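Trainee: 3D, please:
(2 chains)
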2 protein chains.
Amino acid sequence: MSATATGATTTTTPDTSDAPYFKSYASIHIHEDMIRDEARTATYRRAIFALGDRIRGKAVCDVGAGTGILSVFCAQAGARKVYAIEASDMAKQARLIVMENNVQDTVQVIHGRVEDVDLPEKVDVIVSEWMGYFLFYESMFESVLLARDRWLNKDTGLMLPSAATLYMCPVHEPYLAEEKVAFWSTFPKERYGISMASLGTFAKQCLHEEVAIDPIEPEQCLAWPVQAVSIDCNTLTLAELRSISGTFAFRAIVSNEMHAIAAWFDVEFPCFSDETDGQAVAQPESSDRETAQTTARKRVRLEQTEQGTKEPIVLSTSPDAPPTHWRQTLFRLLDPVPIQQDDIIAGSVRILPDEQYKRFLGVQLSLKHKGNSILENKHFRLTDGSLAQ
Amino acid sequence: MSATATGATTTTTPDTSDAPYFKSYASIHIHEDMIRDEARTATYRRAIFALGDRIRGKAVCDVGAGTGILSVFCAQAGARKVYAIEASDMAKQARLIVMENNVQDTVQVIHGRVEDVDLPEKVDVIVSEWMGYFLFYESMFESVLLARDRWLNKDTGLMLPSAATLYMCPVHEPYLAEEKVAFWSTFPKERYGISMASLGTFAKQCLHEEVAIDPIEPEQCLAWPVQAVSIDCNTLTLAELRSISGTFAFRAIVSNEMHAIAAWFDVEFPCFSDETDGQAVAQPESSDRETAQTTARKRVRLEQTEQGTKEPIVLSTSPDAPPTHWRQTLFRLLDPVPIQQDDIIAGSVRILPDEQYKRFLGVQLSLKHKGNSILENKHFRLTDGSLAQ
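Mentor: A predicted model of the protein is given here:
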């Protein structure tokens, strides 16, 4: 066997060296995955074109530009100047894309880290696709906040996206776990005359320790999802980002076994215009897929919206939205908990930078069912070795 | 997007710390994958039971015991004592498996690295499943050689496996590469009004730089495979292991485009007995799948066999053998090369420890077609970030 997650590379000072992180973005495949993600790419494009006069003639900073696709969208939407900052070697490819789309007079690719470069002017818009698994994995949002505080025009500046919300929900998810535990009690004995059932307990423990990145079905939800954490990209401080926490409470809408807490996020963009550039843009089939949850969310957002004059544009990674490469995030319980309809499941979440490597993430969950503890400050780690995908 | 191959962990001294490597074997999933691999598990079991009197009453050392499955097989085959050395925390699980199979009087699990532990006696057999992708990835064989030189009875001691051979073959493999290059020239333009064709060149370069772990079909072979490297586990020295090289020459059996050099390996076990323990053991359906290649290989092995009194037992990861988790290894050319039947393709391979992290691997390939250079000392790296799977 070969280890596929040994994770050891050339980091000599794990807390500070981002070399391996940026190296992972220097290959083409991660960018293909992102651009193939239609919900992501089409929603960003729609959000950029919906800025109307708020982008035409304005200066933009694209934080972590990658292939430069968002920068080109901004140029096409009429930006006067786009600073496309990219730390990985993909910056060289972004320059080619800029030339290929004939926006080299507008888009300036800057090969460097936000922390190390400077811009010659303030900008009117900061656009960035900074979201990782469970919203915060990768810790890229820190660089976006830094860019905001250094370069974005106070008062009038726009953040794209402008807000992010993390949802959580108890779910029924016996499928993978039961199969992986049952494997040890059946397969080897039949084939090889050796009993390995005692590994079932350990397999269960491993599934409980790891954070899974998996798609779930809306039908697996045992309650209406709730907002566990909501952040305003315009005002959040770095200190706040580093100690995010939230509480939640669910009322079960069905009776069934609970196996995990699922989490997902949406981000929203202000909308000032109905215009698009006239070309077909992928639209989630919201009428088919819309549920009470998304309807309620949209209504709330519509009432609260301040920056935009129209309904905000939402990129959702919810199980009832079109699938994205972020899928959903699952924190599995060690053992299933039987839930009765109308039971209350309540808890809290804390999101912490990892102590060993800042791109990793610590997630602390507490969970009670009818007042009895299910999880008590259980610490999950999102690392590239512990994420089950 | 989230990086799935950032690879950064806690290694402070990358050349010496094996913590991340052993950590990857402390989770259950990698072991499930190995035990699910029937060609692997069943062949090892068959090889152990085929030792007959060479294992009954004898002392065995299992290097990198993992779940302990091979150690239990050895105990069931009559070993007097089995030292199961496992560096990762899986050692604790191996102890449970030993108890569960009631062989605790025979199997002693030693939680530690081969480099750090000692055995109270010499052993008659060393068994180990040390093979990684492209045979040598992970560099685990170094520990096996160390165990051999410290503990195996000279002259009479047996190595399981006793020999390993690396095969190479030019292959037709346009499928993935062409699709991944074409993606950039078509998809984004249609959907998003942005042209990204210039990334096609970069995508091709990435595919050329990475080593792919993929299954290929026997029909994709453009020539009979040849043995590029062959090692004798009984006599190979550590110094030899660290500077392995070989040459090869193919004569094309068809006319077609060549896209890559494929590589795979087999390992063989000496056979002293026809006995099994009477239980069903998975057998490759060799009569259906056997080709001129495997027939020729078996004939050669049969003539050369010294240790065993019967035909050696072979675990093959060839594309014409039952699939294994090792699949095949592909080194892609930058551009396809048109090959005519009877053309000669010749080259050389050098396998080097990686300079940055000893579990990674450097592979240097040279390749000529009708005397013209296709690859000139092209250096491939097998790392957990660069392996395309």
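Trainee: is it fair to say residue A:204 lies in a strand?
Mentor: No. Using DSSP: H, G, I helix; E, B strand; the rest coil, the assignment for residue A:204 is helix, not a strand.
Trainee: Check chain A and tell me which residue is nearest its centre.
Mentor: Nearest residue to the geometric centre of chain A (Cα atoms, centre = their mean): residue A:135, 3.1 Å.
Trainee: Any idea what the residue lying closest to that residue once chain neighbours are set aside is bridged to?
Mentor: Leaving out its chain neighbours, the residue that sits closest to residue A:135 by Cβ to Cβ, 6 or more residues apart in numbering or on different chains is residue A:265, at 4.2 Å. In this view, the C-beta of every residue, glycine as well, is placed from N, C-alpha and C. Taking DSSP bridges as the rule, residue A:265 bridges to residue A:166.
Trainee: who's in contact with residue A:265?
Mentor: Counting by Cβ atoms under 8 Å, 6 or more residues apart in numbering or on different chains, residue A:265 makes contact with A:131, A:134, A:135, A:164, A:165, A:166, A:167, A:317, A:326.
Trainee: correct me, but the residue nearest to the centre of chain A touches residue A:164?
Mentor: Yes. The pair residue A:135 and residue A:164 passes the contact test of Cβ atoms under 8 Å, sitting 6.1 Å apart.
Trainee: quick one: the helices in the stretch 151-300 of chain A?
Mentor: Taking DSSP state H, counting those that start in this stretch, the helices of the stretch 151-300 of chain A run over residues A:175-192, A:199-209, A:238-241, A:286-289, A:292-304.
Trainee: near chain B, which residues of the stretch 51-200 of chain A show up?
Mentor: A:67, A:69, A:72-73, A:76, A:93, A:96-97, A:99-101, A:129, A:132-133, A:137-138, A:180, A:183-184, A:187-188, A:191-199 (Cβ under 8 Å from any Cβ of the partner chain).
Trainee: Report the buried members of these.
Mentor: Buried by 16 or more other Cβ atoms under 10 Å in any protein chain shown: A:67, A:69, A:72-73, A:76, A:93, A:96-97, A:100-101, A:129, A:132-133, A:137-138, A:180, A:183-184, A:187-188, A:191-199, out of these.
Trainee: for the stretch 1-150 of chain A, what are the low-confidence residue spans?
Mentor: Within the stretch 1-150 of chain A, the ranges that satisfy pLDDT under 70 run A:1-16.
Trainee: I'd like to check which residues are in contact with residue A:80.
Mentor: With Cβ under 8 Å, 6+ apart, residue A:80 has these contacts: A:57, A:58, A:59, A:106.
Trainee: try 7 Å this time
Mentor: A:57, A:58, A:59 (Cβ atoms under 7 Å, 6 or more residues apart in numbering or on different chains).
Trainee: Which of those are buried, as a ChimeraX select command?
Mentor: The following ChimeraX line selects those of these that are buried, judged by 16+ other Cβ under 10 Å:
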select /A:58,59
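Trainee: Would you format the contacts of residue A:80 as JSON lines with secondary structure included?
Mentor: Formatted as JSON lines, the contacts of residue A:80 follow (three-state DSSP):
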{"residue": "A:57", "secondary structure": "coil"}
{"residue": "A:58", "secondary structure": "coil"}
{"residue": "A:59", "secondary structure": "strand"}
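Trainee: Would you mind giving the contacts of residue A:80 as CSV with distance to residue B:310 added?
Mentor: Shown next, in CSV, are these (distance: Cβ to Cβ, whole Å):
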residue, distance to residue B:310
A:57, 83
A:58, 80
A:59, 78
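Trainee: what's the closest of the contacts of residue A:80 to residue A:230?
Mentor: residue A:58 (27.3 Å; Cβ to Cβ).
Trainee: measure the closest one to residue A:110 for me?
Mentor: Residue A:58 sits 18 Å away from residue A:110, going by Cβ to Cβ, to the nearest Å.
Trainee: How about residue A:145?
Mentor: Residue A:145 is 18 Å from residue A:110, by Cβ to Cβ.
Trainee: do residue A:38 as well
Mentor: 28 Å.
Trainee: cool, and residue A:123?
Mentor: 12 Å.
Trainee: Which of the two has more residues huddled nearby?
Mentor: residue A:123 (24 against 20; other Cβ atoms under 10 Å in any protein chain shown).
Trainee: Show me the domain layout of chain A.
Mentor: Per the record, chain A has its domains at A:2-162, A:166-266+A:323-387, by automatic domain parsing.
Trainee: winner for burial among those domains?
Mentor: domain A:2-162 (a mean of 21; mean count of other Cβ atoms under 10 Å in any protein chain shown).
Trainee: Any idea how far that one is from the middle of the chain?
Mentor: In terms of Cα atoms, centre = their mean, to the nearest Å, the centre of domain A:2-162 is set 15 Å apart from its chain centre.
Trainee: Give me the below-cutoff pLDDT ranges for the stretch 251-389 of chain A.
Mentor: Under the criterion pLDDT under 70, the flagged ranges of the stretch 251-389 of chain A are A:274-309, A:389.
Trainee: For it, which segments are assigned as strands?
Mentor: For the stretch 251-389 of chain A, the strands defined by DSSP state E, counting those that start in this stretch cover A:256-269, A:313-316, A:328-339, A:344-353, A:361-369, A:372-382, A:387-388.
Trainee: would you list those in CSV and tack on distance to residue B:246?
Mentor: Compiled in CSV, those are given as follows (distance: least, Cβ to Cβ, whole Å):
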stretch, distance to residue B:246
strand A:256-269, 50
strand A:313-316, 52
strand A:328-339, 46
strand A:344-353, 48
strand A:361-369, 45
strand A:372-382, 43
strand A:387-388, 38
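Trainee: Of these, which is nearest residue B:86?
Mentor: strand A:387-388 (22.5 Å).
Trainee: Tell me the strands beside the closest one, with direction?
Mentor: strand A:211-214 (parallel).
Trainee: is it true that residue A:88 touches residue A:30?
Mentor: No. Using Cβ atoms under 7 Å, residue A:88 is not in contact with residue A:30, being 9.6 Å away.
Trainee: tell me how far the ends of stretch A:131-144 are from each other?
Mentor: 11 Å (Cα to Cα, to the nearest Å).
Trainee: how much space between residue A:256 and residue A:340?
Mentor: Distance of residue A:256 to residue A:340, computed by Cβ to Cβ: 9 Å.
Trainee: One more: residue A:235?
Mentor: 41 Å.
Trainee: Now do the same contact list for residue A:271.
Mentor: Counted by Cβ under 7 Å, 6+ apart, residue A:271 has contacts A:50, A:308, A:310, A:311, A:312, A:313.
Trainee: Would you convert those residues into TSV that also reports distance to residue A:379?
Mentor: TSV is the format used below for the contacts of residue A:271 (distance: Cβ to Cβ, whole Å):
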residue	distance to residue A:379
A:50	40
A:308	38
A:310	42
A:311	39
A:312	34
A:313	35
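Trainee: Tell me which entries of those residues lie within helices.
Mentor: Assignment to helices by DSSP state H places none of the contacts of residue A:271 there.
Trainee: ok, those residues vs residue A:377, which is closest?
Mentor: residue A:312 (34.9 Å).
Trainee: quick revisit: okay, the domains of chain A in a markdown table with distance to residue B:371 next?
Mentor: Listed next are the domains of chain A as a markdown table, based on distance: least, Cβ to Cβ, whole Å:
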| stretch | distance to residue B:371 |
| --- | --- |
| domain A:2-162 | 33 |
| domain A:166-266+A:323-387 | 45 |
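Trainee: does any part of stretch A:20-36 sit near chain B?
Mentor: Yes. Residues of stretch A:20-36 contacting chain B under Cβ under 7 Å from any Cβ of the partner chain: A:20-21, A:23-25, A:27-30, A:32-35.
Trainee: State the distance from the residue lying closest to residue A:165 once chain neighbours are set aside to chain B.
Mentor: Distance criterion Cβ to Cβ, 6+ apart; nearest residue to residue A:165, sequence neighbours excluded, is residue A:230 at 4.5 Å. Residue A:230 is 21 Å from chain B, where distance means Cβ to the nearest Cβ, to the nearest Å.
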